[in-house]
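Q: Below are the sequence and a predicted model; questions follow.
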Amino acid sequence: ERLALVVPATLAIIFFLLWLNFREITAPLVVLGMLPFAITGGVWLLFFLGYNLSVAVAVGFIALAGVAAEIAVLMIVFVEREIRAEVKGAGAALAPARLAKAAARGALLRARPIVMTAAAVILGLVPIFWGSGAGADVMRRIAAPMVGGMLTTTLVAMLVLPPLWAALAARRLSRQHQAKGGER
């Protein structure tokens, strides 16, 4: 019953903090849109290990949501920075291909930190699976969603998020260009 309150409250807090950071609605929606992909990886590993949903597993998913949101924010910030630099240099409406290249540059700038974050989380949690003793079973159930989810989060952040953000930027720039043309 408590999880029915805690999980939506956690998502609402993440959304609000993202909105405070970006001051627009698109980035928080994209970040929260990544969470199902993170959860998918966690569910796959839970299925593979034969674990059922429990409070410990839910805690693991909540922790995964925080780390997945962090990775998505890192990617968005750097992709957006490269897109803005490209737009500033061009001074006019850009072809979507140029925006995609700028997004790819931003993704490459964040590739190492994102992979290192995922590797640190995964390698830090893997020893829990070999542990034994009091609490080891609960710790495995907390760690499993995070390990599985970090794999899918990293893939989605590196392969899907940059082109998605470039497409959203192209749409945003097109609207801005049309609005400026309509004022004349």
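A: Now that the structure is in, tell me what you want to look at.
Q: What score does R184 have for pLDDT?
A: R184 carries a pLDDT value of 46.
Q: And for A90?
A: pLDDT, read off for A90, is 67.
Q: Which other helices and strands does the biggest helix by length in the chain contact?
A: Across the chain, the longest stretch assigned as helix under DSSP state H is helix 55-90. If you count contacts as 3 or more CB pairs under 8 Å, 6 or more residues apart in numbering; DSSP states H and E, helix 55-90 packs onto helix 2-22, helix 26-49, helix 96-125, helix 136-159, helix 161-183. Just so you know, the C-beta spots here come from the backbone N, C-alpha and C atoms, and that holds for glycine as well.
Q: Tell me which of those helices is the most buried.
A: Most buried of those, by mean neighbour count (mean count of other CB atoms under 10 Å): helix 136-159, with a mean of 22.
Q: And the residue nearest the centre of the protein?
A: A72 (3.0 Å; CA atoms, centre = their mean).
Q: picking up where we left off before, including distance to A85, could the helices and strands packed on helix 55-90 go into a markdown table?
A: Shown next, in a markdown table, are the helices and strands packed on helix 55-90 (distance: least, CB to CB, whole Å):
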| stretch | distance to A85 |
| --- | --- |
| helix 2-22 | 18 |
| helix 26-49 | 18 |
| helix 96-125 | 7 |
| helix 136-159 | 20 |
| helix 161-183 | 12 |
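Q: before we move on, the earlier item: so which bits of the longest helix of the chain are buried?
A: 56-65, 67-69, 71-76, 78-80, 82-83, 86-87 (16 or more other CB atoms under 10 Å).
Q: picking that back up, comparing the helices and strands packed on helix 55-90, which yields the minimum mean pLDDT?
A: Among these, helix 161-183 scores lowest, at a mean of 79.
Q: who touches that one?
A: 26, 30, 34, 72, 75-76, 79-80, 83, 87, 92-94, 96, 99-100, 102-104, 106-107 (CB atoms under 8 Å, 6 or more residues apart in numbering).
Q: Could you find the closest non-adjacent residue to M146?
A: L64 (4.8 Å; CB to CB, 6 or more residues apart in numbering).
Q: Would you quantify the distance from the one you found to A9?
A: According to CB to CB, to the nearest Å, L64 stands 16 Å off from A9.
Q: Distance check, R141 against V43.
A: 13 Å.
Q: let me fix that: W165
A: W165 is 26 Å from V43, by CB to CB.
Q: What of T26?
A: Using CB to CB, we find T26 at a distance of 27 Å from V43.
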